[in-house]
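J.: Kindly return the folded structure for what I paste below:
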Amino acid sequence: MANEIKDPGIGTKIDEKVRRMINADGSYNVIKKGSTKGIRDIFKYLVEISWTWFFTILFVGYIIFNLIFTVIYLYFGSENIAGVSPENGPIFFQTFFFSIQTFTTVGYGTLAPHGIATQIVAAIEAFVGFMSFSLATGLLYGRFSRPRSKLKFADNFVFSKYEDGYSFKFKLTNLRDVVLQDVEAKIITMFNKENKEEALPLNDPFVGDSSFSGGVKVITEGASSLSEQKKIDLYTYKLVGIIKSKSNSFVSLINQDGEVVTVGIYEELNDGVKLVDMTTKEAIFQTEEKYLIMDFKNQIKERSEY
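T.: Alright, predicted model coming up:
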């Protein structure tokens, strides 16, 4: 018994039993159950199948139709077909080739129907014949007119850091001699990411504005005195973590020497600089005159009120 494939390719696990959600030709790997199928579904199927299967179905249908009409002609009697004679070979094959000539409306003149019944059958077969060829022509046009892309993707890709996140880079080219304009691409990827703690860049812990000695960028509202600015410049720490809970809340900071400092709520970092509140993105410190709001972007906002 074959193993059941439960993951259609949109889950979080990578396994040999997982099938891709979108096939290599761009079609979706989706099976609909309970839907009503009609003529349109047959047309869609014949347009999308491979050329080998398409011509195989046409040829098999061509043979089956002619075999059916051959049996009908033999039922009414081969003597009603002028030119059919045991001297010219097997009666069945002569009748079969007469059916082919009628179906394709070729008519070489050596075989001809006689009798009302045979002529009616021949007229019906001629109608079925040119209708079949009309449908086959429409299917061929539909297959040739389908828009098909011919893109070549690189065998390798690059997964690297980019700005505040990661980037997934790869190359593709159009193999057709046409120019692609206003191209939009949607990419679905699935990969495993190992949960490993990333080491802190202790050799360069500050990635802020290089104009400040500590890497901390200060945003002030209104003018600040030189003494106040120097006092803020001494605040050379980078916010690396915030833990907030009902029982215990604290923030983690790193200084220029790569040392990690943990400050609990209402504890002082430096003389006159106390941690008074925090959010998921900011830590709020209080000095004698102002509030200092530090975020993970190495920015300190100075507020008179909080």
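
J.: Tell me where the stretch 51-200 of the chain has helices.
T.: Secondary structure of the stretch 51-200 of the chain, counting by DSSP state H, counting those that start in this stretch: helices at 51-76, 91-103, 116-144.

J.: isn't Lys274 right up against Ala283?
T.: No. Look at Lys274 against Ala283 with Cβ atoms under 8 Å: they stay out of range, at 11.2 Å. Just so you know, the C-beta spots here come from the backbone N, C-alpha and C atoms, and that holds for glycine as well.

J.: Give me the more crowded residue out of the two.
T.: The neighbour comparison of Lys274 against Ala283 (other Cβ atoms under 10 Å) goes to Ala283, with 27 against 17.

J.: show me the contacts for that one.
T.: Leu239, Ile242, Val251, Leu275, Ile293, Met294, Asp295 (Cβ atoms under 8 Å, 6 or more residues apart in numbering).

J.: Repeat the analysis, applying 10 Å as the threshold.
T.: By Cβ atoms under 10 Å, 6 or more residues apart in numbering, the contact set of Ala283 is 237, 239, 241-242, 244, 250-253, 263, 265, 269, 275-277, 292-296, 300.

J.: Then Gly129?
T.: Tyr62, Phe65, Asn66, Phe69, Ser99, Ile100, Gln101, Thr102, Phe103, Thr104, Thr105, Val106.

J.: Could you do Gly77 as well?
T.: By Cβ under 10 Å, 6+ apart, the neighbours of Gly77 are Val84, His114, Gly115, Ala117, Thr118.

J.: So for Phe296, what's the pLDDT?
T.: pLDDT for Phe296: 80.

J.: Just confirm it contacts Ile254, I think it does.
T.: No. The pair Phe296 / Ile254 is not scored as a contact, 11.8 Å apart, by Cβ atoms under 10 Å.

J.: highest average neighbour count across the helices of the stretch 51-200 of the chain?
T.: Highest mean neighbour count of the helices of the stretch 51-200 of the chain: helix 91-103, a mean of 20 (counted as mean count of other Cβ atoms under 10 Å).

J.: For that helix, name the packing helices and strands.
T.: helix 51-76, strand 81-82, strand 112-113, helix 116-144 (3 or more Cβ pairs under 10 Å, 6 or more residues apart in numbering; DSSP states H and E).

J.: so which of the ones you listed comes closest to Phe157?
T.: helix 51-76 (32.1 Å; Cβ to Cβ).

J.: Overlap of the contact sets of Phe296 and Ile254?
T.: Lys238, Leu239, Val240, Gly241.

J.: which among these end up buried?
T.: Listed as buried from the shared contacts of Phe296 and Ile254 are Lys238, Leu239; burial here means 16 or more other Cβ atoms under 10 Å.

J.: between the shared contacts of Phe296 and Ile254, which is closest to Glu79?
T.: Of all the shared contacts of Phe296 and Ile254, Glu79 sits closest to Gly241, with 100.2 Å by Cβ to Cβ.

J.: in its sheet, what does the helix or strand containing that closest one sit against?
T.: Using DSSP states H and E, Gly241 sits within strand 237-243. Looking at strand 237-243 with DSSP bridges, its partner strands are strand 250-255 (antiparallel).

J.: so after the partner strand, what's the next helix or strand?
T.: With elements assigned by DSSP H and E, the helix or strand that comes after strand 250-255 is strand 260-264.
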